[in-house]
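**Q** dropping a prediction and its sequence here:
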Number of protein chains: 2
Amino acid sequence: MTLPGSVGLVQTEIARLFTVDEPLRLANGETLGPVDVAYETYGTLSAAKDNAVFICHALTGDAHAAGLHAGAKRPGWWDNLIGPGKPLDTDRFFVISANLLGGCQGTTGPATIDQATGRAYGLGFPLLDMADFVTVHRQLLAHLGIERLLAALGGSLGGMQVLQWALTYPEQVTNAAIVAASSRLTAQNIAFSAVARRAIMDDPDFHDGRYAEQGVVPRLGLRTARMMAHITYLSEDAFSEKFGRNPHPERDKPGFGIDFAVESYLDYQGRVFLDRFDALSYLYLSRVMDYFDPFNRSDATALVEACPVNFLVMSFDTDWRFSTEHSRRIVKHLQNAAQPVTFRDIPSSWGHDSFLLPLQRYHDTLRAWFDRSLREGLR
Amino acid sequence: MTLPGSVGLVQTEIARLFTVDEPLRLANGETLGPVDVAYETYGTLSAAKDNAVFICHALTGDAHAAGLHAGAKRPGWWDNLIGPGKPLDTDRFFVISANLLGGCQGTTGPATIDQATGRAYGLGFPLLDMADFVTVHRQLLAHLGIERLLAALGGSLGGMQVLQWALTYPEQVTNAAIVAASSRLTAQNIAFSAVARRAIMDDPDFHDGRYAEQGVVPRLGLRTARMMAHITYLSEDAFSEKFGRNPHPERDKPGFGIDFAVESYLDYQGRVFLDRFDALSYLYLSRVMDYFDPFNRSDATALVEACPVNFLVMSFDTDWRFSTEHSRRIVKHLQNAAQPVTFRDIPSSWGHDSFLLPLQRYHDTLRAWFDRSLREGLR
């Protein structure tokens, strides 16, 4: 089966990148091993290995960014962007997408069995840092025999990872695209994540993180967390446009159930999330975002000043999860560090979720940027 | 003990306003009785009974708006506004503040014992409408021997009640001040309340609303609801100014506890709320707000057109719970109905909570408006 513009059938691969004997060394000094990483690739690596693009996913993303898994109806989460002829054109680029350390979609995370104990790590899993995500994905590149990336691209948390990668290993990243991201969460940003974590940990089925051993999942808390998060992913106008004050079609009489269409939407988003995401991963990955603050170090830009990266920073004008101001701050820091930066604030009515949508100006900008990166090649 | 500017020691009174035999008739056609109402008054009613001002409280407010309860350290929630010499000057006005029907601070609500069953109403309490709040408080006025109000003033949900009151009984309300309110919640507004209700009802201690009989309270769900709500009560800038990314002073090492100052604030706000608010009241009162949409009726403005009310509509420019746009919409509807409307959008960095704060321009505006109302008197 060939779908126009699709990379077609794909599957997630798992690579063991660190072992007990040669463990991952984390930013906080701890070690972790073994560490497996789930990833997918699309397109063909050139003989010169000069067309690799790394995709960094957002908080609840996974390695399956494009194409179809066997039997699945829905393609990968960034399928509108990645494929033959698409802005990230797999006829020309070799695209790598990997699940994050601490995630729950194939890469080692808190739900993984700790070989030392025979039990899931749970809250015994080490606290992570954005740098650890980069360390692990660099190891994946080495595993794939790729030394340097033509580009790295990420949205939201993924954009934060791209920023970390470019600042600390600029020689490995010729072009870095940071979309709808932040270099430091605000108190309000942290507050939303704090309430989400509170809901998860308050669920009696959380069992101090040992829920798997009890054969349960903190479903209700995770659902509340996801419902709340979804409010922040859309602009207020997008909610009004999509749902307004429309009643839920199945509303019988007023009560405390699903009376309004917007309540049905949140309910749906909360429920489908439970089938694909782990509560502990939510805790770990959201906390990495809270602590991320790369420019708040005196040596933050020394490496990148010596080895400039072509940065593309993009925001969406109705994004209030990570507003345009977050992107402007990143741009300012990079400009102060004498980096070449292209900044685009894209008009969109959809808020934070815009980075996942096929918006014309957004995709045109990315297409032009990728085309240029290919013309100019690795530095 | 005399405190300058304070109404001094006060206590909450309870009046039985409806009985089983003469029950309250609700907007939905059901009846409810008995109904008690908790209220406080400050100042002295003039012989002509022409200086009465009614205070309508917000979602989680109560009758105790000003002065001190015996033994208490904190004054009523609007004490900065109400008192001798204050903008709402109790040397000149007679101020009435009453707890809402469906509330939990002395007025009959879902936690009240249903005399027909001997058990708390729970979810058997009837669903309420904004009109029911007005019906009950009109009965309180009758009980106090007051026919007409010189003014009604309310913030947030309280402002919505004032709007309802003025639109349906304009002959009773010469002046109506509507602060930080809305005439129709947006999908996003409803979404926040939906998640809060979800958290409450998902708490295993909710017991389908019969938690009191189990000797428990859905504390965790109510806390989550309150924590989330507090995010919406402050502007993002206010959170940044108050807390920034400051660590919690007692932070030991990073984890999933209270690492940041903003997390400590939310935790505190969530905990203190549990001592004073009932989960079922949260459901009932928030749902009234969701359904409120008074201008979405063909006859919405007929009464007020025949008997104009002097409206004051105020918003705060950083309020994103009920943004200035909500107030502008109210103003537009009222102007279309040929009402005299004064509109003020007050600059404030504090967001929705501004209506509770002693902001100079805000209080000056209210003071001038109350002064004028007294000069002009009842219509």
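**A** Great, that's in hand.
**Q** going forward, measure contacts and count neighbours with C-alpha atoms only.
**A** Noted.
**Q** chain center to stretch A:313-325: distance?
**A** Chain-centre distance of stretch A:313-325: 16 Å, with CA atoms, centre = their mean, to the nearest Å.
**Q** now do the end-to-end distance for it.
**A** Stretch A:313-325 has an end-to-end distance of 12 Å (CA to CA, to the nearest Å).
**Q** who's in contact with it?
**A** Stretch A:313-325 is contacted by residues A:156, A:177-182, A:189, A:232-235, A:327, A:330-331, A:341-355 when judged by CA atoms under 8 Å, 6 or more residues apart in numbering or on different chains.
**Q** swap in 6 Å and give it another go.
**A** Contact with stretch A:313-325 is made by A:177-180, A:232, A:235, A:343-347, A:349, A:351-352, as judged by CA atoms under 6 Å, 6 or more residues apart in numbering or on different chains.
**Q** rebuild these as TSV, extending it with pLDDT.
**A** Below are the contacts of stretch A:313-325 laid out as TSV (pLDDT from 0 to 100):
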residue	pLDDT
A:Ala177	98
A:Ile178	98
A:Val179	98
A:Ala180	98
A:Thr232	98
A:Ser235	97
A:Phe343	98
A:Arg344	98
A:Asp345	98
A:Ile346	98
A:Pro347	98
A:Ser349	96
A:Gly351	98
A:His352	98
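**Q** filter these to keep only those in contact with chain B.
**A** Among the contacts of stretch A:313-325, not one lies near chain B by CA under 6 Å from any CA of the partner chain.
**Q** what about the residue in the stretch 1-150 of chain A that chain B sits nearest to, which SS state?
**A** At 7.0 Å from chain B, A:Leu127 is the closest residue in the stretch 1-150 of chain A, using CA to the nearest CA. With DSSP: H, G, I helix; E, B strand; the rest coil as the basis, A:Leu127 sits in coil.
**Q** what about the strands in chain A?
**A** Taking DSSP state E, the strands of chain A run over residues A:13-18, A:24-25, A:31-32, A:35-42, A:52-56, A:82-83, A:88-89, A:94-98, A:113-114, A:119-120, A:149-155, A:173-179, A:310-316, A:341-346.
**Q** list the helices and strands the first one packs on?
**A** Yep, that's strand A:13-18 we're talking about. Judged by 3 or more CA pairs under 6 Å, 6 or more residues apart in numbering or on different chains; DSSP states H and E, strand A:13-18 is in contact with strand A:35-42.
**Q** may I have the strands that pair with the strand it packs on, each with its orientation?
**A** Here strand A:35-42 has these sheet partners by DSSP bridges: strand A:13-18 (antiparallel), strand A:94-98 (antiparallel).
**Q** using a markdown table, please lay out the ones you listed together with mean pLDDT and mean neighbour count.
**A** Rendered in a markdown table, the data for these read as follows (pLDDT from 0 to 100; neighbours: other CA atoms under 10 Å in any protein chain shown):
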| stretch | mean pLDDT | mean neighbour count |
| --- | --- | --- |
| strand A:13-18 | 98 | 17 |
| strand A:94-98 | 98 | 25 |
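**Q** hmm, who's touching stretch A:336-344?
**A** Stretch A:336-344 is contacted by residues A:Glu305, A:Pro308, A:Asn310, A:Phe311, A:Leu312, A:Val313, A:Met314 when judged by CA under 6 Å, 6+ apart.
**Q** again, 7 Å this time
**A** Residues outside stretch A:336-344 that contact it (CA atoms under 7 Å, 6 or more residues apart in numbering or on different chains): A:Thr301, A:Glu305, A:Pro308, A:Val309, A:Asn310, A:Phe311, A:Leu312, A:Val313, A:Met314, A:Ser315, A:Val331, A:Gln335.
**Q** ok, the closest residue to the fifth one other than its chain neighbours - contacts?
**A** Counting by CA to CA, 6 or more residues apart in numbering or on different chains, A:Asn175 is the residue found nearest to A:Asn310 once chain neighbours are left out, at 4.6 Å. Taking CA under 7 Å, 6+ apart as the criterion, A:Asn175 is in contact with A:Leu150, A:Ala151, A:Ala152, A:Val309, A:Asn310, A:Phe311, A:Ser373.
**Q** swap the cut-off to 10 Å and go again
**A** A:53, A:149-153, A:162, A:166, A:308-312, A:340-341, A:369-370, A:372-373, A:377-379 (CA atoms under 10 Å, 6 or more residues apart in numbering or on different chains).
**Q** one more: A:Val95?
**A** A:40-45, A:51-55, A:65-66, A:82-83, A:88-89, A:149, A:151-152.
**Q** now with 8 Å, please.
**A** A:Thr41, A:Tyr42, A:Gly43, A:Ala52, A:Val53, A:Phe54, A:Ile55.
**Q** how about TSV for those, with pLDDT added?
**A** As requested, the contacts of A:Val95 are exported to TSV (pLDDT from 0 to 100):
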residue	pLDDT
A:Thr41	98
A:Tyr42	98
A:Gly43	98
A:Ala52	98
A:Val53	98
A:Phe54	99
A:Ile55	98
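**Q** and the residue nearest the centre of chain A, how close does it get to A:Phe316?
**A** Residue closest to the average C-alpha location in chain A (CA atoms, centre = their mean): A:Ala58, at 1.7 Å. From A:Ala58 across to A:Phe316, the span is 16 Å (CA to CA).
**Q** again, but for A:Phe125
**A** A:Phe125 is 35 Å from A:Phe316, by CA to CA.
**Q** on that earlier part again, what's the local residue count around the residue of the stretch 1-150 of chain A closest to chain B?
**A** Neighbourhood size, A:Leu127 [other CA atoms under 10 Å in any protein chain shown]: 21.
**Q** one more: the one 10 residues further on?
**A** Under the neighbour criterion other CA under 10 Å, A:His137 is assigned a count of 24.
**Q** between the contacts of A:Val95, which is closest to A:Leu274?
**A** Ranked by distance to A:Leu274 (CA to CA), those are led by A:Ile55 at 24.1 Å.
**Q** who in chain A is up against chain B?
**A** A:127, A:185-188, A:190-192, A:194-195, A:197-199, A:202-204, A:220-221, A:224, A:227-228, A:231, A:236, A:239-240, A:243-245, A:254-256, A:262-263, A:266, A:283, A:287 (CA under 8 Å from any CA of the partner chain).
**Q** tell me the buried residues within those residues.
**A** For those, a burial check counting by 16 or more other CA atoms under 10 Å in any protein chain shown picks out A:127, A:185-188, A:190-192, A:194-195, A:197-199, A:202-204, A:220-221, A:224, A:227-228, A:231, A:236, A:239-240, A:243-245, A:256, A:262-263, A:266, A:283, A:287.
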